[in-house]
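> Coordinates only, no sequence provided:
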């Protein structure tokens with residue numbers, strides 16, 4: 001069951017990454033890139049928080065199970081044993097999901113930073129035709145544009 005959920009999460013994450021491909025990101029405006037950057041930063045921070053919280057809950061469940069080892073191994077339905085097992089299972093699942101979210105956010109942030117770096121300084125030469133009012137005709141020229 002847990003392996004199926006993890007597989008489903010990884011597949012959906014992989015499909016979501018296609019939107020954050022370099023080709024799609026390079027076509028966005030600066031405002032849209034900033035919006036996606038903030039969304040990726042939030043995802044990275046939430047993943048980090050979830051992974052740390054999940055590791056703490058898993059450790060708490062592991063320690064609780066170790067302390068209650070004699071009572072839990074006698075196949076009793078002690079509420080403390082069930083709580084410890086729940087903390088352990090939920091902690092492991094939350095840690096795996098948190099790390100997936102964290103690495104997805106980091107990957108997206110790196111892609112957006114790479115696109116913003118290439119778009120930060122752009123030099124463009126383009127042919128241009130100017131109309132000269134003094135000579136009353138068109139003159140060829142070159143336009144040099146810097147984009148910051």
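Right, received. Where do you want to start? Bear in mind the structure is a predicted one, so any value in this text is a computation, not a measurement.
> mind listing the helices in this structure by residue range?
Assignment of helices within the chain using DSSP state H yields the ranges 2-17, 22-26, 30-67, 69-72, 79-120.
> show me what contacts residue 68?
78, 80-81, 84 (CB atoms under 8 Å, 6 or more residues apart in numbering). Where you see a C-beta, it was placed from the backbone N, CA and C, and this is true even at glycine.
> same thing but at 7 Å, please
Counting by CB atoms under 7 Å, 6 or more residues apart in numbering, residue 68 makes contact with 80-81, 84.
> distance of the nearest residue to residue 41 once chain neighbours are set aside from residue 78?
Using CB to CB, 6 or more residues apart in numbering and skipping the chain neighbours, the partner closest in space to residue 41 is residue 109 (6.4 Å). Distance of residue 109 to residue 78, given as CB to CB, to the nearest Å: 45 Å.
> neighbour-wise, which of those two wins?
residue 109 (18 against 13; other CB atoms under 10 Å).
> Not including adjacent chain positions, what is the nearest residue to residue 108?
With CB to CB, 6+ apart as the criterion, residue 108 has its nearest non-adjacent residue at 3.6 Å, and that residue is residue 40.
> Against residue 23, how distant is the residue nearest the centre of the chain?
Central residue of the chain (CA atoms, centre = their mean): residue 105, 1.6 Å from the mean position. From residue 105 across to residue 23, the span is 20 Å (CB to CB).
> Same question for residue 98.
For residue 98, the distance to residue 23 - CB to CB - is 29 Å.
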